[in-house]
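Undergrad: What would the 3D arrangement of this be:
(2 chains)
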Protein chains: 2
Amino acid sequence: MSSLDPAALLAQLEWRYATKVFDPTRTIPEATWEILERALVLTPSSFGLQPWHFLVLTDRALRERLLPHAWNQRQVVDSSHLVVLCSRTDTGETEIDRLIARIQEVRGTPTEKLTGLRRSMVSALVQGSFRPMIREWAIRQAYIALGNFMTAAAVIGVDTCPLEGFQPERFDEILGLGPRGLISTVCCAAGYRAATDKYAGQPKVRFPVSEVVERR
Amino acid sequence: MSSLDPAALLAQLEWRYATKVFDPTRTIPEATWEILERALVLTPSSFGLQPWHFLVLTDRALRERLLPHAWNQRQVVDSSHLVVLCSRTDTGETEIDRLIARIQEVRGTPTEKLTGLRRSMVSALVQGSFRPMIREWAIRQAYIALGNFMTAAAVIGVDTCPLEGFQPERFDEILGLGPRGLISTVCCAAGYRAATDKYAGQPKVRFPVSEVVERR
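TA: Numbers count the residues shown, from 1 in each chain, chains lettered A, B, ... in the order given. You can find the predicted model right below:
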């Protein structure tokens, strides 16, 4: 196992910041980007249901169309890759069966050994009092992917900027998400900081560990 | 910069899995744990507001009390550290002013340079149509911390298991969270996998990259 030294992890997390100015001339190499895509796909999710879809936008003309609906934050266009993390808001028996089929495909598990799992997923997510929360449940899972993605990028020296400030309805329309049962939940720009980004050198503002973490 | 090679990142994310059986005799060394705590604190959040609190439980007697309210998942007790990621659901002007004060403390920014930021935070989070979403907004931020934490742990070779299956009201009661304006949002157990955990060797079930990621 070639894991990272804890001190090096901390250094990378300190190096990370919400990049305001990307260098538009620098592109993440394809081999590196493929690994970041796989990192996204490997994100853990509730029941393993992966109620998400990741749009990766490199087309600058398309991103220019999104820009006015994201408060003209230039990261939308100037980053190397813009990920729109989308959520599947209608998870139900179809999606559960898709996962069951995938488990069988990957692990060769016999159908009868999965009936209990299927039943517990249907019980938890489709029936009962949780159902009205299903949209929010899916959105939360996308935020796990966001956290995973930013940290994965940071440890390999790729800059990111999370973007919550955009108009999801306009994004959904431009990207044609609605008819597919998807919504745009949150975005993350990825690439490399510009030398001119004055935010890169500013000390991080976090509340002290002693105020945020409590041991018992 | 001592970043991780992308292939090594991928290897660590493949190594990671939702650990079902922790080795109760193994404890995360204090120096390593302190870095994971700092990783949690360094999680990016909306406006930098950090609407969270992280309870770190090592006391096994306390965790035994939580166990029946988490469907008796043994990770609650047998892991080295159990993190209860809590959300501050009432973020308002008090929390905004606390952040402003912290920015001044860390960066020495003059007050007048922060009035615009303060106004935009109040406008976005306290006034207007977003306000009813504030609880969910805080919860989503905790999920960023969860994603960050699991990946940070994975790259330094620490096992984790996210736990959504618990009764938050019972946790809140046992941990005395309510009067503090906090709720228990999601948990994450951390430690080291037991040699007997048969799930460690199973192939991961993920939908193919080609189905989940779409480039444009």
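
Undergrad: C-alpha from now on. contacts and neighbour counts both.
TA: Will do.

Undergrad: burial of A:Val126, as a residue count?
TA: By other Cα atoms under 10 Å in any protein chain shown, 18 other residues sit near A:Val126.

Undergrad: That one and chain B, how far apart?
TA: Relative to chain B, A:Val126 is positioned 16 Å away (Cα to the nearest Cα, to the nearest Å).

Undergrad: touching chain B at all, the helix or strand where A:Arg119 lies?
TA: Assigned by DSSP states H and E, A:Arg119 belongs to helix A:115-121. No - Helix A:115-121 stays clear of chain B (Cα under 8 Å from any Cα of the partner chain), getting no nearer than 11.7 Å.

Undergrad: what helices or strands is that helix leaning on?
TA: helix A:93-107 (3 or more Cα pairs under 8 Å, 6 or more residues apart in numbering or on different chains; DSSP states H and E).

Undergrad: Would you mind listing the buried residues in the helix it packs on?
TA: Residues of helix A:93-107 classed as buried by neighbour count (16 or more other Cα atoms under 10 Å in any protein chain shown): A:96, A:99-100, A:102-103.

Undergrad: Likewise for stretch A:205-216?
TA: Neighbour-count burial for stretch A:205-216, counted by 16+ other Cα under 10 Å, picks out A:205-207, A:209, A:212-213.

Undergrad: what do you get for stretch A:118-135?
TA: Buried-residue list, stretch A:118-135, by 16+ other Cα under 10 Å: A:118, A:121-122, A:124-126, A:131, A:134-135.

Undergrad: okay, the residues you listed in TSV with pLDDT and distance to A:Cys188 next?
TA: As requested, the buried residues of stretch A:118-135 are arranged in TSV below (pLDDT from 0 to 100; distance: Cα to Cα, whole Å):
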residue	pLDDT	distance to A:Cys188
A:Arg118	96	33
A:Met121	94	30
A:Val122	95	32
A:Ala124	90	30
A:Leu125	92	28
A:Val126	92	30
A:Arg131	88	28
A:Ile134	94	23
A:Arg135	95	20
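
Undergrad: Chain B: which of the residues you listed is nearest?
TA: Ranked by distance to chain B (Cα to the nearest Cα), the buried residues of stretch A:118-135 are led by A:Ala124 at 9.9 Å.

Undergrad: quick one on the thing from earlier: which two from the buried residues of stretch A:205-216 end up farthest apart in space?
TA: Largest separation among the buried residues of stretch A:205-216 by Cα to Cα: A:Val205 and A:Val213, giving 15.7 Å.

Undergrad: How about A:Val84, nearest residue that isn't a chain neighbour?
TA: The shortest distance from A:Val84 to any non-neighbouring residue, by Cα to Cα, 6 or more residues apart in numbering or on different chains, is to A:Cys187 (4.5 Å).

Undergrad: For that neighbour, which three-state class applies?
TA: Secondary structure assignment for A:Cys187 (DSSP: H, G, I helix; E, B strand; the rest coil): strand.

Undergrad: Quick check: beta-bridge partners of it?
TA: A:Cys187 has these beta-bridge partners by DSSP bridges: A:Val84, A:Leu163.

Undergrad: ok, so what distance separates it from B:Lys113?
TA: In this view, A:Cys187 and B:Lys113 are 28 Å apart by Cα to Cα, to the nearest Å.

Undergrad: Give me the more crowded residue out of these two.
TA: A:Cys187 (26 against 10).

Undergrad: dump the residue contacts of that one.
TA: By Cα atoms under 8 Å, 6 or more residues apart in numbering or on different chains, the contact set of A:Cys187 is A:82-85, A:162-164.

Undergrad: That one and chain B, how far apart?
TA: 12 Å.

Undergrad: do you know how far the closest residue to A:Gly157 other than its chain neighbours is from B:Leu36?
TA: Distances taken as Cα to Cα, 6+ apart put B:Ser3 closest to A:Gly157, at 5.9 Å, once the chain neighbours are dropped. Computed as Cα to Cα, the B:Ser3 to B:Leu36 distance reads 17 Å.

Undergrad: who's more crowded, the two?
TA: The neighbour count for B:Ser3 versus B:Leu36, taken as other Cα under 10 Å, is higher for B:Leu36 (23 against 18).

Undergrad: Just to check, the more buried one is in contact with B:Ala154?
TA: No - counting by Cα atoms under 8 Å, B:Leu36 stays clear of B:Ala154, with 10.6 Å between them.

Undergrad: on that earlier part again, so which of the buried residues of helix A:93-107 also contact chain B?
TA: A:102-103.

Undergrad: which one of the buried residues of helix A:93-107 is nearest chain B?
TA: Nearest member of the buried residues of helix A:93-107 to chain B, counting by Cα to the nearest Cα, is A:Ile103, at 5.9 Å.

Undergrad: wait, what's in contact with the closest one?
TA: If a contact means Cα under 8 Å, 6+ apart, then A:Ile103 has A:109, B:205 as its contacts.

Undergrad: and A:Ala190, what is it in contact with?
TA: Counting by Cα under 8 Å, 6+ apart, A:Ala190 touches A:79-83, A:158-161.

Undergrad: Return the distance of the helix or strand harbouring it from the chain's centre.
TA: According to DSSP H and E, A:Ala190 maps onto strand A:182-191. Distance of strand A:182-191 from the chain centroid (Cα atoms, centre = their mean, to the nearest Å) equals 7 Å.

Undergrad: got it, and stretch A:112-124?
TA: With Cα atoms, centre = their mean, you get 27 Å for stretch A:112-124.

Undergrad: What of stretch A:29-49?
TA: For stretch A:29-49, the distance to the chain centre is 9 Å (Cα atoms, centre = their mean).

Undergrad: measure that stretch end to end?
TA: Using Cα to Cα, first and last residues of stretch A:29-49 are 30 Å apart.

Undergrad: Give me the contact list for it.
TA: A:50-51, A:95-96, A:99, A:121, A:141, A:144-145, A:148-149, A:152-153, B:6-7, B:10, B:13-14, B:18, B:147, B:164, B:205-207, B:209, B:212-213.

Undergrad: rerun that using 7 Å as the cut-off
TA: With contact meaning Cα atoms under 7 Å, 6 or more residues apart in numbering or on different chains, stretch A:29-49 is reached by A:99, A:141, A:145, A:148-149, A:153, B:6, B:10, B:13, B:206, B:209.

Undergrad: Return the closest of these with respect to A:Thr89.
TA: A:Gln141 (10.9 Å).

Undergrad: In contact with A:Leu67, which residues?
TA: By Cα under 7 Å, 6+ apart, the neighbours of A:Leu67 are A:73, A:76.

Undergrad: Show me where chain A has its strands.
TA: A:52-57, A:81-88, A:159-163, A:182-191, A:213-215 (DSSP state E).

Undergrad: Between these, which one is closest to B:Lys198.
TA: strand A:52-57 (27.7 Å).
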